[in-house]
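Undergrad: Quick one, structure for this:
(chains A and B)
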Amino acid sequence: MIELNVAIKNKYYANSEQAVLAQLDFTVKSGEFVAIIGPSGCGKSTLLNMISGLESCTGQHISYNQSAYQEGIANNKELHQLGYIFQQPRLMPWLTVRENIELILQPDQFHKVDGLLAQVGLANEGEYFPSQLSGGMQRRVSIARAFAINPQLLLLDEPFNSLDAPTAARLRQLLIDLCAQRGTTVIFVTHDLQEAVYLADRIIFMSDSPSTIAHQSIVDLPRPRKEWGVAELEWQAQLLLKYPHLLAGRID
Amino acid sequence: MKLFLFKNFAASKGGAEKKSINKGAFTMRFPKELLSFLLVRLGVIIAISVLWQGMAWLIASPDFPSLYAVIKSVQFHFNEGEMVTNILITLRRVLLSFVIAMLLGGIIGIVMGVNTWVNKLTDSLLIIMLNIPALVTILLCYIWFGLVESAAIAAVVINKIPTVVVMIREGARTVDKDLLAVAKIYKLSPSKTFFAVFLPQLYPFIIASARSGLSLIWKIVLVVELLGRSDGVGFALNTLFQFFDIAGILAYTFAFVVIILLIEALIFKPFDKLVARGTRFD
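TA: Residues are numbered from 1 along each chain as shown, chains lettered A, B, ... in the order given. Purely as a prediction, here's the structure:
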């Protein structure tokens, strides 16, 4: 299990004087599902990239299970189980669905692929190429790929954007099931409050760039939740009544 | 005006419908279309042959041999045996310099495309190399290294490398960083990242430079042979030129073009299919 401490100060975009992340300090408990909401351009994807180790800055201190590391999880040999589901599926177009998943596995793990594909409802699509699949199917492949390595920490960057509502709902349910099965620690970036309330244990609201943490809320609703449940909608209404500009990153 | 626009719109709409109907029927008629395509090709070849033969007959000059004379000449040189030997020698040189040029050019191109610092450092050198005439490289190689086989190969390779570098560098520059990020996140080994994620993105560029490379290389090899070798197609052509054996020159050209076409059909076409994996679906 993995517990994560994130402390980031003054992250700049490459070739820019403007800080994108001013100061972010938060902890993610082991097995916790944290959603991060913020206005577009506030650096949500940058935050995930920094946690994963794809980007870095001098003022960062990110540690997991109390052990600090500078270079990011992607460069850390001991922590093998990091899953990252990007905004785009990012499948290799020249590999079949099966080969895309096998790519990141050792040969002795190949037997897992069939089960994974069945779990995301693509049991018969293994030999197809990504360009032969619909957008929703490609995303399911990228979810299957992320779960293939049994991630301890899973990062998701608005993965259900621009999908039709029923497909997105099915994929959210799939995500909840897979995470519950494995006790995965999850950081889920979105700009959709309803989605966050449906999925998360806790929601972190980011301010506009240069961003700080504007607000944090624990979602104390029982599971299983409903996307259009009364309690869920009421929870959102109360929060937004208290902080009408919360989704724009302000608590005035 | 309004009426005209409307009419135009109706016409274009009708056209679109027609097109889609045609498209539907296309798959059903495919073997027939293929047959007619082949017939047209054959027809063109026959027409050119007839035209050639007719013109040669009209001009009736030894400088313009008839198709029949050229075919006779192919047969003669083939039976003599020296044509097969010369073509094999030239082919060996072509393939050897092709492989060396593609390997070296590919490596240099990738390094230049990935590393902006190396690119800045070597960019002007590349432009100079691109613009040095092939003939100058050949002469210098023969002068510096002597009239030996390795000098001939080196001359061809040096001529070809810059064009390979330019194409592969362009490919390496456009490599999708998002896919490389996937490789990093899932901790693929450096060799797996290179061969399974990086290199496949370069295949179209490699194919393009291999195609243009083969045609350029075999032309340069002939010049190299003409200037400093005592065997090969280039040398044979030079000899035939001294005897003004125009039918012989055309016979050699003919034989070599056929071989290059065979290489295209037997090696490049299947490779093309492999490269197009996952991108083209009809």
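Undergrad: Work out for me the element the most centrally placed residue in chain B sits within.
TA: Within chain B, one residue has its C-alpha closest to the average C-alpha position: by Cα atoms, centre = their mean, that is B:Arg211, at 3.1 Å. Following DSSP states H and E, one finds B:Arg211 within helix B:199-228.
Undergrad: elements contacting that helix?
TA: helix B:82-114, helix B:134-145, helix B:149-173, helix B:233-242, helix B:246-263, helix B:269-275 (3 or more Cβ pairs under 8 Å, 6 or more residues apart in numbering or on different chains; DSSP states H and E). Backbone N, C-alpha and C define where each C-beta goes, glycine included.
Undergrad: Could you pull out the buried residues of it?
TA: By neighbour count on 16 or more other Cβ atoms under 10 Å in any protein chain shown, the buried set for helix B:199-228 is B:199-203, B:205-207, B:209-210, B:213-214, B:216-218, B:220-228.
Undergrad: about what we covered before: what sits against the residue nearest to the residue nearest to the centre of chain B when sequence neighbours are not counted?
TA: Computed as Cβ to Cβ, 6 or more residues apart in numbering or on different chains, the closest residue to B:Arg211 that is not its neighbour in sequence is B:Phe268, at 6.4 Å. Shown in contact with B:Phe268 (Cβ atoms under 8 Å, 6 or more residues apart in numbering or on different chains): B:207, B:210-211.
Undergrad: what's A:Gly83 sitting at in phi/psi?
TA: Dihedral angles of A:Gly83 (phi, psi; degrees, to the nearest 10) stand at phi -110, psi 140.
Undergrad: any idea how far it lies from A:Gln138?
TA: From A:Gly83 across to A:Gln138, the span is 16 Å (Cβ to Cβ, to the nearest Å).
Undergrad: Please identify which of the two sits among more neighbours.
TA: Taking A:Gly83 and A:Gln138 together and counting by other Cβ atoms under 10 Å in any protein chain shown, A:Gly83 has the greater number of neighbours (25 against 20).
Undergrad: now that one: how far from B:Val197?
TA: Relative to B:Val197, and taking Cβ to Cβ, A:Gly83 is found at 17 Å.
Undergrad: Just the CA atoms of stretch B:69-76, as CSV, please.
TA: What follows is stretch B:69-76, C-alpha atoms only, in CSV (Å, rounded to 0.1, in the frame of the first residue of the first chain):
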residue,chain,number,x,y,z
ALA,B,69,17.9,-5.5,-81.5
VAL,B,70,18.0,-4.6,-77.8
ILE,B,71,16.3,-7.9,-76.8
LYS,B,72,18.8,-9.7,-79.1
SER,B,73,21.6,-7.9,-77.3
VAL,B,74,20.3,-8.8,-73.9
GLN,B,75,20.2,-12.4,-75.1
PHE,B,76,23.7,-12.2,-76.4
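Undergrad: Go through it and flag the buried ones.
TA: Residues of stretch B:69-76 classed as buried by neighbour count (16+ other Cβ under 10 Å): B:69-71, B:73-74.
Undergrad: from the middle of its chain, how far away would that stretch be?
TA: When distances are taken as Cα atoms, centre = their mean, to the nearest Å, stretch B:69-76 is centred 27 Å away from the chain's centroid.
Undergrad: quick check: mean pLDDT across that stretch?
TA: Mean pLDDT, computed over stretch B:69-76, is 88.
Undergrad: In three-state terms, label A:Thr27 for me.
TA: Classification of A:Thr27 by DSSP: H, G, I helix; E, B strand; the rest coil places it in strand.
Undergrad: relative to helix B:233-242, how tilted is the helix holding B:Arg211?
TA: Per axes from the mean of the first three to the mean of the last three Cα atoms, to 10 degrees, the angle that helix B:199-228 makes with helix B:233-242 is 40 degrees.
Undergrad: quick check: angle from helix B:199-228 to helix B:246-263?
TA: Taking the same axes, to 10 degrees, one finds helix B:199-228 and helix B:246-263 inclined to each other by 160 degrees.
Undergrad: How about the residue in the stretch 101-250 of chain B positioned nearest to chain A, nearest residue that isn't a chain neighbour?
TA: Shortest the stretch 101-250 of chain B-to-chain A distance, computed as Cβ to the nearest Cβ: residue-wise this is B:Tyr186, at 3.9 Å. With Cβ to Cβ, 6+ apart as the measure, A:Ile104 is the residue that lies nearest to B:Tyr186, at 3.9 Å, once sequence neighbours are left out.
Undergrad: I'd say that neighbour and A:Ala148 touch.
TA: Yes: the pair formed by A:Ile104 and A:Ala148 meets the contact definition of Cβ atoms under 8 Å, at 6.4 Å.
Undergrad: So between the two, which is more surrounded?
TA: Residue environment comparison for A:Ile104 versus A:Ala148 gives the larger neighbour count to A:Ala148, 23 against 20, counting by other Cβ under 10 Å.
Undergrad: contacting residues around that one?
TA: The neighbours of A:Ala148, taking Cβ under 8 Å, 6+ apart as the test, are A:101, A:104-105, A:109, A:112-113, A:116.
Undergrad: Which of those fall within helices?
TA: The members of the contacts of A:Ala148 that map onto helices under DSSP state H are A:101, A:112-113, A:116.
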